[in-house]
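Participant: What would the 3D arrangement of this be:
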Amino acid sequence: MNKISPRGEAVAQAAQRLLRAATDRVPCSPVRDLIGSDDVEAAYAVQKLLTARRLEAGGRVTGRKIGLTSPAVQRQLGVDQPDFGVLFADMSVPDGGSVPVAELLQPRIEAEIAFVLGADLATGPLDDAQVRAAVAHAVPALEIVDSRIRDWDITFGDTVADNGSSARYVLGTSAKPLAEFEPVEAVMTMKLHGETVSGGTGAACLGNPLTALAWLARTALAVGDPLRAGQIVLSGALGPMVPAAAGDEFTADIPELGSVSVRFHASANEDASSGEDAFSDEDTSSNEDASSDEGSPA
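Facilitator: Next comes the predicted model:
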């Protein structure tokens, strides 16, 4: 009988710790005591285990999120390189929809540009020209991030293992092809109850959101799970993330692209919302995948 290696045991224990935190909605201690702070392979192995569990339970992948692209967010979290996580259908929230904070642990929100792919990024040089041509259109987006780790006490290894600290995402209803919108020139303003709480530009996202997309395309191919037509890619924060609480209503505006909004309420019974928690046994979301075969936004 094959024995599980000590490293394999550590990966399994880290996954179980994060799973328990998500299920019980009680933040856990960091997992770096098990997998280290900067062991990229081990961190993504934990993420892969948790992704496999969601797929086994009926979850459906809708795309990827790129994290830690903004210098402001990197400073907030004390990291110095991007990461990625997996988006699932039950993470989608409609534009203008509401999220019960009771389903989350310690949510924060950030504004981004999302790309909907019109072609696979599975072969070829994956250079700037190929990546740009693969984008069907861009839409304004909000990502609701939510660490399962207590007090957001995370290193790079912790957040990667925790699926990039992802929770929910919101896509705006306006969409533009890249012939009509240049991501690097975007200017974003995010407001809470009408007051500006975050701002930034496309250049804050690894210098250009399309550079972030190209990084992800190469990285996804390297790990054997390339980006596919119809998938959504959240390209990374354009400005600092902001804590979210019940009663908050956020709107992000990118004048060249459009706006997107979401609000938060106290409990799941108070209002309609998105799907189950991040590691639900069932994908019960009533929202359709924002990236259909035609690449239309939700």
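Participant: pLDDT below threshold where in this protein?
Facilitator: Applying pLDDT under 70 to the chain flags residues 1-6, 72-73, 76-78, 268-298.
Participant: how about a cut-off of 50?
Facilitator: Applying pLDDT under 50 to the chain flags residues 1-3, 271-298.
Participant: So which residues of it form helices?
Facilitator: Here the chain has its helices, by DSSP state H, at 6-24, 32-35, 40-56, 71-77, 128-134, 156-161, 209-222.
Participant: Now for Leu210: which residues touch it?
Facilitator: 128, 131-132, 135, 183-184, 235 (CB atoms under 8 Å, 6 or more residues apart in numbering). Placement of C-beta: from N, CA and C, glycine included.
Participant: separation between it and Ile144?
Facilitator: Taking CB to CB, to the nearest Å as the measure, Leu210 falls 24 Å from Ile144.
Participant: Next: Asp83.
Facilitator: Asp83 sits 17 Å away from Ile144, taking CB to CB as the criterion.
Participant: now Met190
Facilitator: 12 Å.
Participant: what about these two, which has more around it?
Facilitator: Legend: neighbour count by other CB atoms under 10 Å for Met190 and Ile144, higher for Met190 (27 against 24).
Participant: just checking, the more buried one touches Val242?
Facilitator: Yes - counting by CB atoms under 8 Å, Met190 does reach Val242; the two are 7.1 Å apart.
Participant: which residues do those two both contact?
Facilitator: In contact with both Met190 and Val242: 109-110, 197-198, 250, using CB under 8 Å, 6+ apart.
Participant: and Asn208, what does it touch?
Facilitator: Per CB under 8 Å, 6+ apart, neighbours of Asn208: 183-184, 202.
Participant: ok, Ala89 - how many residues close by?
Facilitator: 22.
Participant: measure it to Ala217 for me?
Facilitator: Look at Ala89 and Ala217: by CB to CB, they are 22 Å apart.
Participant: now swap in Pro30 and tell me
Facilitator: 30 Å.
Participant: One more: Val46?
Facilitator: 23 Å.
Participant: Flag every buried residue along stretch 53-62.
Facilitator: 54, 59, 61-62 (16 or more other CB atoms under 10 Å).
Participant: With distance to Val170 as added columns, please give the residues you listed in JSON lines.
Facilitator: Shown next, in JSON lines, are the buried residues of stretch 53-62 (distance: CB to CB, whole Å):
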{"residue": "Arg54", "distance to Val170": "20"}
{"residue": "Gly59", "distance to Val170": "19"}
{"residue": "Val61", "distance to Val170": "18"}
{"residue": "Thr62", "distance to Val170": "13"}
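Participant: Out of these, which sit inside strands?
Facilitator: 61-62 (DSSP state E).
Participant: Isn't Ala43 up against Phe156?
Facilitator: Yes - here Ala43 reaches Phe156: they are 7.2 Å apart, a contact under CB under 8 Å.
Participant: higher neighbour count, those two?
Facilitator: Ala43 (26 against 23).
Participant: Leaving out the residues flanking it, which one is nearest to the more buried one?
Facilitator: Val160 (3.7 Å; CB to CB, 6 or more residues apart in numbering).
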